[in-house]
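# Sequence unavailable; structure follows:
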């Protein structure tokens, strides 16, 4: 059974600093990926900017992927939801 990838931080409704702290723990050892959908995308961008400009100076952006996911609602209708994945590379040692 594959181990769950602990280098991903899923962005939701909590305050940005909660996600910054979670990402910093991972970023000390390896690259981190911030994942968000819908209205949380702006929070993911905020978290990335805070990490790179304030807490982990020297880190930089890696791959940034944007896309659309189709979600099926409980009543059978479908909605398109935007998604983003932002990779942040740790500072060089």
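Alright, I've got the coordinates. In this text the structure is predicted, and so the values were computed from the model without any measurement. Numbers count the residues shown, from 1 in each chain.

# Would you mark the buried spots in stretch 46-61?
46-48, 50-52, 56, 59 (16 or more other C-beta atoms under 10 Å). For glycine as for every other residue, the C-beta is placed from the backbone atoms N, C-alpha and C.

# Format those residues as JSON lines; extra columns: distance to residue 18.
Output for the buried residues of stretch 46-61, formatted as JSON lines (distance: C-beta to C-beta, whole Å):
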{"residue": "46", "distance to residue 18": "12"}
{"residue": "47", "distance to residue 18": "9"}
{"residue": "48", "distance to residue 18": "14"}
{"residue": "50", "distance to residue 18": "11"}
{"residue": "51", "distance to residue 18": "13"}
{"residue": "52", "distance to residue 18": "17"}
{"residue": "56", "distance to residue 18": "16"}
{"residue": "59", "distance to residue 18": "19"}
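
# Same list, these, but as TSV with distance to residue 78, secondary structure and pLDDT please.
Shown next, in TSV, are the buried residues of stretch 46-61 (distance: C-beta to C-beta, whole Å; DSSP: H, G, I helix; E, B strand; the rest coil; pLDDT from 0 to 100):
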residue	distance to residue 78	secondary structure	pLDDT
46	29	helix	96
47	29	helix	96
48	29	helix	96
50	34	helix	94
51	34	helix	93
52	36	helix	93
56	39	coil	86
59	37	coil	91
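
# And the furthest pair within these?
Maximum pairwise distance in the buried residues of stretch 46-61, criterion C-beta to C-beta, is 15.4 Å, between 46 and 59.

# ok so, going back, from the buried residues of stretch 46-61, pick the one nearest residue 86.
Of all the buried residues of stretch 46-61, residue 86 sits closest to residue 48, with 5.0 Å by C-beta to C-beta.

# wait, what's in contact with that closest one?
By C-beta atoms under 8 Å, 6 or more residues apart in numbering, residue 48 lies in contact with 34, 61, 86, 88.

# out of the residues you listed, which are buried?
Buried members of the contacts of residue 48, scored by 16+ other C-beta under 10 Å, are 34, 86, 88.
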